[in-house]
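# Sequence and predicted model, in that order:
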Protein chains: 2
Amino acid sequence: PFQTSPQAIRLYYFYKHWAMRAATYVFVCVHLSLALFEEPALFPLPFWATSIAEVLCLTVFFGRLVHFAKVTPQMVFWKDTKNICIMVTIVLTLIDLIIYGSLEAVYIHSVRWSRPLRPVFLINFSESRQIRRAFRSIRNTLPDILYVFLLFLFSVLIFSLMALKLFGDRGLRTAEGASYFTNILETAFELYVLVTTANSPDVMMPAYNFNWWYSLYFITYIIINTYIFMSVFLAVVYNNYRKHLKNEIRKLAYLKRHKMIEAFNILKVKVGTEFMVKEATWKRLVKVVAPDISSSHLELLLRISDEGQKGHVDKTNFLRLADLLNIQVVTINIKRHPLEAWVPRVYQSSASLLIKKMVRHRIFIWVYDVIILINAIFIALDEKNPFISYAEWLFLSLYVIEILLKLYTYEPRAYFGRKQFWNWFDMLIILAALVATVANATIQSARKYNSQQILDIVLILRILRLLRVIVSIQRFRVIVTTLINIGPTMLTFGGLVFVVYYAFAVIGMEAFHGKVQFFDPNFTTSDALVCGNPALKGSAFARDRYCKNNFNDLASSFIVLMELTVVNQWHVLADGFALVTHQAAKLYFILFHIVVVILIVNIFVAFILEAFFVAYSLEKSELETAIEKKIQELG
Amino acid sequence: PFQTSPQAIRLYYFYKHWAMRAATYVFVCVHLSLALFEEPALFPLPFWATSIAEVLCLTVFFGRLVHFAKVTPQMVFWKDTKNICIMVTIVLTLIDLIIYGSLEAVYIHSVRWSRPLRPVFLINFSESRQIRRAFRSIRNTLPDILYVFLLFLFSVLIFSLMALKLFGDRGLRTAEGASYFTNILETAFELYVLVTTANSPDVMMPAYNFNWWYSLYFITYIIINTYIFMSVFLAVVYNNYRKHLKNEIRKLAYLKRHKMIEAFNILKVKVGTEFMVKEATWKRLVKVVAPDISSSHLELLLRISDEGQKGHVDKTNFLRLADLLNIQVVTINIKRHPLEAWVPRVYQSSASLLIKKMVRHRIFIWVYDVIILINAIFIALDEKNPFISYAEWLFLSLYVIEILLKLYTYEPRAYFGRKQFWNWFDMLIILAALVATVANATIQSARKYNSQQILDIVLILRILRLLRVIVSIQRFRVIVTTLINIGPTMLTFGGLVFVVYYAFAVIGMEAFHGKVQFFDPNFTTSDALVCGNPALKGSAFARDRYCKNNFNDLASSFIVLMELTVVNQWHVLADGFALVTHQAAKLYFILFHIVVVILIVNIFVAFILEAFFVAYSLEKSELETAIEKKIQELG
């Protein structure tokens, strides 16, 4: 859906230019990072500075949008929700800036309510297609999940009523001495927390202590709401995810086919009774879309597309071109070892042959596995012992010798080929360990432990070398390879989580900043013990020393949200912030739980499940088989 | 695989007789319930009594096994692991009884080590095929999950080493003042607990308070181990579950076909060039295997199996018989309303027609939904108010009127037909509420609140009437119907969980009984505050008042295990029992977590996922369509 005039295409190329895209990303980042400098700030800047920066970013976004409008037909442009979203957000942000600025000028402090909208730009600039797809996936899940959620809420309410009637009048007390199920709202909250299992078994204990039979109430509740309903949520999300994925793939396949047919119609010439694309045209086309294709690869693709070698490519084969180009063909040149070329007599001597045989033997790997294990034990032991710090050097030299022996045995360019992930991994770990140990020795000899962070990194690098065990166990490698393959899509979830976190963090900072203060843990003044807020006196929040879990800046907020994602103790955090503000603050935490844990984490699990099933059942596609056949034919 | 001599078949019928099966179940239950009477007992009995009961049970089991051996060919019998398992368990139990008894006679107290084996009988008597299948499913998952588990353990160990090195020497203290990551075993345990999220964010707080950067360590750990590895466990379990399910179904289908072919070969006669089964033989066969089939149903099946009405059933149609019999055919007779027969003039009068129109109208349902909601509010309010207790009667009469109106409008036998689950549900709820309110009024007027439990049940019944809301919302009904349909298989998981719980409970009772005592919650003596064991002084276990979470009898043990299944605070329980015995006791809790949470709960989730996918994509099978076509043809 782009205009096809030469000028529009030039504009389009300019729009897609890497520098333009990078600039957009930079401004999106700057715009998002403004939250670091605005009150409550990690690095405070005056309002005029951040607002100028914000206006600048908005101008850039608007310019980018205008640029996009120039290359798109008007109809298509105005139908695209992306563009509408961006425009609305720009307008809203400007209105917010003006209101806030004028109120600030007369010293009235108001709320920057447009800030949670900032991730809209990250989502809607067309480079982040994956995140948009994930959001669409969530949106599509909502109608189906809504009824299950309502039924779930209904069930929680029924159980709340029962709890109120069963336990409310008994005068029971919790372990902390609070009253037990006396208020319907508190009861509903406690039971919602029980669904997340965060207050199990504490919430049960008073009733259970009172009478054995009451445990049945809680067991029933947990089976129905925690086990069955939560699994049903996962089932609904997963089912929608699969359905949605199928639709997206079908749509993409349709679009690709449609565009290839358009291309074919432009390039076709009539040969006999059929329309064909000439070989020369086809070759030019391939060179345009894939400029760095090797000529042997091009020749191979041509042989597949034009099987009879008639000098034409027919329609069916032409349509396959996009898929063909996606298949990676690795050219392996079996080369001689450079040493064999330089010093053939030495390299072929019986001693050298023995070494090579030894390195290739299975026992060689086993010996090094044992060495790694011994190394692990040494790392676990106290490093202050000088004997152990000497052993450190011994291990390192053993590893270096191993790498050298392998390079001696195998051809270096093949050993570090593009596909030899595990060899690279191995090499990098040893290099890192080497650097770490040298750095450590240097710092130790300088006797100045001034940079704790560098020391910590050195330490971690030294321990990471134990990861080499993974390399030598085949089954481990398979699992890790699968995980690495799904890595990029996991990053999409990272983006998704970031967007949601950002919006919640900004709202949280507006609502809770400054309410909870962190004091140095060694302070034991009464103020420090209640996080600087008397309302927290006697609360679990203060008792567990959660003062640093606050919304006083963006980084802290993100950590709090991460803790809320992990779920455990989220009710303590919610209670704490409700105490310092208002009970309604709990809604913020419940909403976060629903959005992040029930929706996003379940989609993440669905994604991992699907990715693993695909990895388990992965077979070569038809096209890859065609290429392989051709390669075999060609010899 | 059974013997086919007439005597063997008589023996087989006797073996399969319901009384014999019921007796076996009774003895299995008695044998399992012995744990209630043996030390540590809920209802103590002397050793001689329980041991006589046990020997009796074992004799019955042995008799049953001998009976089974009589009806099975010897080869098949000895190849079946079930039978071997039963025999070995009987022998082991006898040995254990003898050793324990003789030691007891000389006043040496030893351990009844064979007791965790008792569920073997529950699993292996052929009636509990479902539980055996679930166990097979677990066993088949083990090899695949093992490598993921090892990699996971490896990752936990690497992170433990890092934690030890990063935090061990800093002299940090937890909120409870304990030392922080100073011992490799404790560190590994803490980090394993973090995988289950049970000690998040407490385990992070000291490091986070010390330096912001250390939170990155914990975030990385949680992402890798809690999110990715736990999802991978689910993926592996789920994948195996599906594979296994497919194999089982294939095997069952094969067996069924094989047996049907055998039956056909016995009954066949030659008609023309083909072998057929005569209609009379076929009818006799159907009447033998399904004695209570109605003649119209039989006729329908015959019409489907013998389409040309030639008096013979060919092989293809004969093989379908088992499937045909499985399809439920409901005969609906459209009957006139009895009132119409008795008082036709009144029933057809315009007032009566108006009432019927009203009841059938959508607004009628809405009005009653509103009434239920108002009722919910009244229940939530204080019932001591006399006005509200009068309202109670008003609501009840409204509900009874509703049911009467519906019975007036719809034909009663059709309204309470076998398939009208929701009408039954509705009726039962109102009846229960009626009984509950009458009982409540009686008790209140008697002014003797002597039975708390009856009052509680009355209360729950009164609240359960709110479930009527589900009946009137279509989408809720669909979800609940799906859940009810998968109910029977969920009971299988109940059986599975029971077996594992029983084994763990018996082991737990042997290891931990009497170590932790429960005192009345109003006691505040120093002894009561540490659960009667000074070792618990200052522990989280005592502070959270978990004294009733002990292994002092079977019921308490089951509750503890349930709490461990829910996961939260499991480390507090593990720590508590480790304090009163030995640190190695934590292994018991870790093992329980692996078996129940990582394996069984994941299989449960996999099962719910699969059941929901099937429910979503449920379509009529080919055979059902054939029957429907026939019904339509016959008119």
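Structure's in. What do you need? Computed from a predicted structure; not experimentally measured. Numbers count the residues shown, from 1 in each chain, chains lettered A, B, ... in the order given.
# Mind listing what's buried along stretch A:575-583?
A:Asp575, A:Gly576, A:Phe577, A:Ala578, A:Leu579, A:Val580 (16 or more other C-beta atoms under 10 Å in any protein chain shown). No exception for glycine: its C-beta is placed from N, CA and C like everyone else's.
# how far out from the middle of the chain is it?
Its chain's C-alpha centre and that of stretch A:575-583 lie 32 Å apart, by C-alpha atoms, centre = their mean, to the nearest Å.
# What lies in contact with it?
Residues external to stretch A:575-583 that are found in contact with it (C-beta atoms under 8 Å, 6 or more residues apart in numbering or on different chains): A:185, A:511-512, A:515-516, A:531, A:533, A:535-536, A:539-542, A:546, A:549, A:551, A:584-586, A:588-589.
# for the record, mean pLDDT for it?
Mean pLDDT, stretch A:575-583: 93.
# And for stretch A:237-257?
For stretch A:237-257, the per-residue pLDDT averages 85.
# check whether that stretch contacts chain B.
Yes - shown here: stretch A:237-257 in contact with chain B (C-beta under 8 Å from any C-beta of the partner chain) through A:Tyr238, A:Asn239.
# neighbouring contacts of the one helix or strand A:Phe613 maps to?
Assigned by DSSP states H and E, A:Phe613 belongs to helix A:602-616. Helix A:602-616 has contacts (C-beta under 8 Å, 6+ apart) with A:134, A:137-138, A:141, A:233-234, A:237-238, A:241-242, A:245, A:482, A:485-486, A:489-490, A:493, B:227-228, B:231-232, B:234-236, B:238-239.
# Pull out the buried members of those.
Among the contacts of helix A:602-616, those buried by neighbour count (16+ other C-beta under 10 Å) are A:134, A:137-138, A:141, A:233-234, A:237-238, A:241, A:482, A:486, A:490, A:493, B:227-228, B:231-232, B:234-236, B:238-239.
# just so I have it, where are all the helices in the stretch 351-500 of chain A?
Taking DSSP state H, counting those that start in this stretch, the helices of the stretch 351-500 of chain A run over residues A:362-380, A:386-409, A:412-415, A:421-446, A:452-464, A:468-472, A:474-485, A:487-512.
# Can you pull out the low-pLDDT segments for the stretch 51-200 of chain A?
A:126-127 (pLDDT under 70).
# Tell me the residues of it that contact chain B?
With C-beta under 8 Å from any C-beta as the criterion, the stretch 51-200 of chain A meets chain B at residues A:147-148, A:150-151, A:154, A:158, A:161-162, A:164-166, A:175, A:184, A:197-200.
# which ones among those residues are found in helices?
With helices defined by DSSP state H, the entries of these inside them are A:Tyr147, A:Val148, A:Leu150, A:Leu151, A:Phe154, A:Ile158, A:Leu161, A:Met162, A:Leu164, A:Lys165, A:Leu166, A:Ile184.
# among those, who's most crowded?
Highest neighbour count within these: A:Met162, with 24 neighbours (other C-beta atoms under 10 Å in any protein chain shown).
# thought that one was touching B:Leu461?
No - A:Met162 is beyond contact range of B:Leu461, at 10.4 Å (criterion: C-beta atoms under 8 Å).
# Please read off the pLDDT at the residue of chain A positioned farthest from its centre from the model.
Farthest-out residue of chain A from its mean C-alpha position, per C-alpha atoms, centre = their mean: A:Gly272, at 54.0 Å. pLDDT recorded at A:Gly272 is 80.
# give the contact list for it.
Per C-beta under 8 Å, 6+ apart, neighbours of A:Gly272: none.
# Starting from B:Leu464, give me the distance back to A:Met162.
Note on A:Met162: its distance to B:Leu464, by C-beta to C-beta, to the nearest Å, is 9 Å.
# typo on my end, it should be A:Glu186
Using C-beta to C-beta, A:Glu186 is found at 22 Å from B:Leu464.
# what's the answer for A:Ile479, then?
Distance of A:Ile479 to B:Leu464, computed by C-beta to C-beta: 48 Å.
# Look at those two and report which has more neighbours.
With neighbours defined as other C-beta under 10 Å, A:Ile479 and B:Leu464 compare such that A:Ile479 has more, 21 against 17.
# Surely A:Asn423 touches A:Ala414?
No - contact between A:Asn423 and A:Ala414 fails when scored by C-beta under 8 Å: they sit 9.5 Å apart.
# Look at the two and report which has more neighbours.
Set side by side, A:Asn423 and A:Ala414 show more neighbours around A:Asn423, with 18 against 15, by other C-beta under 10 Å.
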